[in-house]
Structures are given as structure tokens and as C-alpha cells.
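>>> got a predicted structure plus its sequence, pasted below:
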Amino acid sequence: MSDETAADRHRRVAAAFTQRVRGTTDWDVPAPVEGWTARDVVGHLTSWFPGFLAGSGVTLPAGPEAASDPVGSWTHQTDAVQALLDDPAEADRTIENPHLGAMTLAAATNMIYTTDVFMHTWDLARATGQDDRLDPDECAVLVEGMEPMEELIRGSGQYGPRVPVPDDADAQTRLLGFIGRDPDWKP
């Protein structure tokens, strides 16, 4: 995982999410995020990131809306993001963000968007009764990297209150609890 490029990581993480998207048969089932449905999980991912990029002068081509076509919306966006990451001129482009500062498009995408897709894979899988196992090594890296920044992360408003989990919980359970998910949640 550590020698993966941002493009390779996105390809891998997006493929796992795409599998769950294609396996969804009911888009209106509740999801682990309070007030969300399976459709809302896709809608979240396909709405915030284009706006983030636009604020940095990068435009993703418009595609279908998740409200009416969650599969089309997701596949359109993941293909567009992959095309950016596979193009060295775009991937290496420096973007400015008031919260992150200056970094390459690839680094910003990898750090915030691909990680968000990874975590929301559990939400969609759990909501729709699919395989909700996440890569345990990636879970461990993420939770260990996020825990020292808990105050900043909680202050962002992007994560719910931490859900207590056993001290000896596996990495996925620790990550889910950290980001405010009840690992035992069922629809």
C-alpha cells in the first residue's frame, strides 16, 4: 500500500466501492449515517468533491445526478477522477485550498477523497447487505494517522461523535468507531 501511487490507490478503492454500487438493489434503504439512504452515500461522494476541485480551478465534467441515477453518477465521476489522476500533467498540478494549503491534485485527492470513498464503502455495503469488510491494513493506517488529530477532525464537523469500541477491537472496528459509526449498526 505504501508504494501505491495516488492513481493506483484510487483505482483500487473506487473499484471496491463500484462493486458495492453495482450490487445495490434498493437505493432507498437506510445507511449508517443518520438520515441517509444508500443513494445519499453515493450522492455525498459525487457532490462534494467536484465542488472542492472547482474551488481549486479544476472542473470535473458534469454527469448524471445520484438522485436519479446513482450508478451512472458514481461511474461517471470515478472515471473522471481516474482520468485526472492518470494524467501526469493534471495529477502533478498544484492546487490551493484554504484548509489544506498548496499540494498536488494527486496528493489532495488521495488524502481526502479516496480516503472518503474507502470509508463510505462500509456505509454502502452495510446498508445494502453486501460484504462490508475493508482492507485491515488500510484501516490500521488510517485510524492510527487520524487519532493524533482527533480534536481537529472532530472540530471539522465531518465526523460524528466517537463510538466506543473494545480496546482489543480490530482495525476496521476501531476506524468505524473513530469516525462515528456503530460497527454493529444494522438497517
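The structure has been received and is ready for your questions.
>>> after the helix or strand harbouring residue 120, which helix or strand is next? Please name it.
Following DSSP states H and E, one finds residue 120 within helix 115-128. For helix 115-128, the following helix or strand on the C-terminal side (DSSP H and E) is helix 136-146.
>>> next, the angle helix 115-128 makes with that next one.
Between helix 136-146 and helix 115-128, the angle comes out at 120 degrees (axes from the mean of the first three to the mean of the last three C-alpha atoms, to 10 degrees).
>>> distance from the chain centre to helix 136-146, please.
14 Å (C-alpha atoms, centre = their mean, to the nearest Å).
>>> re earlier: which strands or helices does the helix holding residue 120 pack on?
helix 6-22, helix 38-54, helix 136-146, helix 171-178 (3 or more C-beta pairs under 8 Å, 6 or more residues apart in numbering; DSSP states H and E). Using the backbone N, CA and C atoms, a C-beta is placed for each residue, glycine as well.
>>> let's see it at 7 Å
Other elements packing on helix 115-128 under the criterion 3 or more C-beta pairs under 7 Å, 6 or more residues apart in numbering; DSSP states H and E are helix 6-22, helix 38-54.
>>> got the domain boundaries for the chain?
Using automatic domain parsing, the domain parsing of the chain gives 6-132, 135-187.
>>> weakest of these by average pLDDT?
Note on the domains of the chain: domain 135-187 shows the lowest mean pLDDT, a mean of 92.
>>> got the end-to-end distance for that domain?
22 Å (C-alpha to C-alpha, to the nearest Å).
>>> no further queries at this time; thank you.
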